[in-house]
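In: pasting a predicted model and its sequence here:
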Amino acid sequence: MRVRDPLSGYVCTKHTYWLRDGEVAHFQPIPEVVDAELHLRSLLADGRENILGTAWYRFAEELAFASLTEEQLMARCERSNARSHAICLYPETVHFVDLLSQPVFLRKISTAFSGKRSRYHTIEALKFPGVSSHERTRLLGKLKTFSDTFRWSPD
């Protein structure tokens with residue numbers, strides 16, 4: 001099965017390679033990556049393709065990076081035999097793509113609709129299973145900073 005990650009490359013889960021910027025990265029099958037890809041496909045089927053290929057996707061990658069410790073990321077890369085952080089972050093990236101493509105969430109954290117206290121409360125109520133308290137603090141900080149300037153308007 002060959003799938004497309006719009007900014008990070010092409011993945012062939014059958015042959016376990018990731019094509020990016022003309023380089024081929026081989027990795028062992030990572031069930032989390034395949035699951036994440038299937039989840040992303042369901043989001044696209046629901047009409048949430050507007051986030052792909054945008055700065056939003058890069059922000060989702062940034063949040064994914066903030067959600068893992070360096071040790072967790074290195075362990076996943078080592079286990080998968082992947083050198084690309086994009087591969088190792090993909091499950092978390094898709095999780096944040098899901099979050100950032102939900103209009104209800106975006107409205108709740110928009111300066112156009114909510115005051116700072118309400119925005120921060122919405123962000124602090126988010127659950128991130130498996131994220132340590134230190135990474136959670138870092139992650140929530142990034143989301144709060146984002147919400148301080150974000151103005152959502154339905155298209």
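Out: Looks like it came in fine.
In: where does the residue nearest to Arg151 when sequence neighbours are not counted land in three-state SS?
Out: Residue nearest to Arg151 in three dimensions, not counting chain neighbours: Ala112, with 4.7 Å by CB to CB, 6 or more residues apart in numbering. For glycine as for every other residue, the C-beta is placed from the backbone atoms N, C-alpha and C. At Ala112 the chain is in coil, as set by DSSP: H, G, I helix; E, B strand; the rest coil.
In: give me the pLDDT value at Ala112.
Out: With respect to pLDDT, Ala112 has a value of 91.
In: give me the pLDDT value at Cys77.
Out: We have a pLDDT of 83 for Cys77.
In: cool, and the one 4 residues further on?
Out: Model confidence at Asn81, given as pLDDT, is 73.
In: Val131 now?
Out: Turning to Val131, the model gives it a pLDDT of 90.
In: ok, it to Phe113 distance?
Out: 27 Å (CB to CB, to the nearest Å).
In: likewise Trp56?
Out: As judged by CB to CB, Trp56 and Phe113 stand 18 Å apart.
In: the chain: strands as residue ranges?
Out: 2-5, 9-12, 17-20, 23-26 (DSSP state E).
In: any idea how far the closest residue in space to Ser132 that isn't next to it in sequence lies from Gln102?
Out: When the adjacent residues along the chain are set aside, Ser132 lies closest to Thr69, with 6.3 Å between them (CB to CB, 6+ apart). Thr69 sits 26 Å away from Gln102 when distances are taken as CB to CB.
In: neighbours of the residue nearest to Glu61 when sequence neighbours are not counted, how many?
Out: Closest residue to Glu61 apart from its sequence neighbours, by CB to CB, 6+ apart: Thr93 at 5.1 Å. For Thr93, the tally of surrounding residues (other CB atoms under 10 Å) stands at 26.
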